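Participant: show me how the following folds:
(chains A, B, C and D)
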There are 2 protein chains.
Amino acid sequence: MSHKRRSSIAAKRQARVPVFAALGDETRLSLVAKLCGGQAHSISQLTEGSNLTRQAITKHLRVLESAGMVRCVRTGRESRFQFDPEPIEGIKEYLDFVSEQWDQALSRLKSFVEN
Amino acid sequence: MSHKRRSSIAAKRQARVPVFAALGDETRLSLVAKLCGGQAHSISQLTEGSNLTRQAITKHLRVLESAGMVRCVRTGRESRFQFDPEPIEGIKEYLDFVSEQWDQALSRLKSFVEN
DNA sequence: CTAATATGCAACTCGGAGGTTGCGTAAAAT
DNA sequence: ATTTTACGCAACCTCCGAGTTGCATATTAG
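Facilitator: Take a look at the predicted model:
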């Protein structure tokens, strides 16, 4: 049982890796910052202001899409990307787990010193 | 003022990038999982169980150290690494900002639909 | 003192990430 | 109908990240 829970946590951890990796890039992080405002944007709109090529932005968007953080809907001649909050909620959950582990460790240390 | 706040957010975002990048790797994520338990570990201890070389683990630890997520204290012939929660708190703050933006967008959409 | 342990440093390989350019195509504008 | 706009696809380049190996050094054990 304990073993089963351990591997489940490991599996969850593995699932978080692409999300963290997707956020580990300045360009993609700013794309997320724009898209989380709620409005969907086309590739051209997202390229505007960035000193990168449209193709570069497209690749970054595909990375975000693979991580599930963004969805693409093609309408007419333009494909608009919209934010999806689920993966970020997932990694927040994981980070809370890490923080909790750390806090419990501090508590154990404190009670050890006091006794 | 609004411009000042914008650039401040951009600066904060840039500071978070190395932390996200550090977490965007399965090996490093499992190292964090071990170290956040509170106990400091030597490089050999952290290598044990991993099918990687000690040097590989060392490099990963240096990446985590550069991101400020871990600190190295050399004692005798071994260098022990201990967890530092500050950067993770930082990115949690950033992710909360993103979620808040998204929630506000949903609220605006909802009130728009209702009226 | 000698052997074993724990680590650091440097060179090297290899694959993939980030980025560009060129070209082809569908859709919208004029 | 023609031009412009918004894309997608593919080839290519460059550089860095991940990992290994080999060797040198300091510390601890016997």
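
Participant: tell me the contacts of the residue nearest to the spatial centre of chain A?
Facilitator: A centroid search over chain A (CA atoms, centre = their mean) returns A:Val19, at 3.9 Å, as the residue closest to the centre. By CB atoms under 8 Å, 6 or more residues apart in numbering or on different chains, the residues touching A:Val19 are A:67-69, A:87-88, A:90-91, B:24. From N, CA and C alone the C-beta is placed, and that goes for glycine too.

Participant: swap in A:Pro87?
Facilitator: Contacts here follow CB under 8 Å, 6+ apart; on that basis A:Pro87 touches A:19, A:67-69.

Participant: enumerate the residues of chain A near chain B.
Facilitator: Residues of chain A found near chain B (CB under 8 Å from any CB of the partner chain) are A:9-10, A:13-14, A:16-26, A:29-30, A:32-33, A:36-39, A:83, A:85, A:88-89, A:91-92, A:95-96, A:98-99, A:101-102, A:104-106, A:108-109.

Participant: on that earlier part again, wasn't the residue nearest to the centre of chain A part of a helix?
Facilitator: Yes: judged by DSSP: H, G, I helix; E, B strand; the rest coil, A:Val19 forms part of a helix.

Participant: so which of the residues of chain A next to chain B reach DNA strand C?
Facilitator: Filtering the residues of chain A next to chain B for proximity to DNA strand C (criterion: CB under 7 Å from any atom of the strand) leaves A:Asp25.

Participant: just the buried ones among the residues of chain A next to chain B, please.
Facilitator: With burial judged by 16 or more other CB atoms under 10 Å in any protein chain shown, the buried subset of the residues of chain A next to chain B is A:13, A:16-25, A:29-30, A:32-33, A:36, A:38, A:83, A:85, A:88, A:91-92, A:95, A:98, A:101-102, A:105.

Participant: so how far is A:Leu46 from A:Glu78?
Facilitator: Taking CB to CB, to the nearest Å as the measure, A:Glu78 falls 11 Å from A:Leu46.

Participant: ok, now A:Arg80?
Facilitator: In terms of CB to CB, A:Arg80 sits 10 Å off from A:Leu46.

Participant: quick check: phi and psi on the residue in chain A positioned nearest to DNA strand C?
Facilitator: Of all residues in chain A, the one sitting closest to DNA strand C is A:Gly76 (2.6 Å; CB to the nearest atom of the strand). Dihedral angles of A:Gly76 (phi, psi; degrees, to the nearest 10) stand at phi 70, psi -130.

Participant: helix, strand, or coil at A:Cys72?
Facilitator: Per three-state DSSP, A:Cys72 ends up strand.

Participant: that one pairs with what?
Facilitator: Beta-bridge pairing for A:Cys72 (DSSP bridges): A:Phe81.

Participant: could you check the pLDDT of it?
Facilitator: At A:Cys72, the model reports a pLDDT of 98.

Participant: returning to what we had before: comparing A:Arg80 and A:Leu46, which shows the higher neighbour count?
Facilitator: Using other CB atoms under 10 Å in any protein chain shown, the more surrounded residue of A:Arg80 and A:Leu46 is A:Leu46, with 22 against 17.
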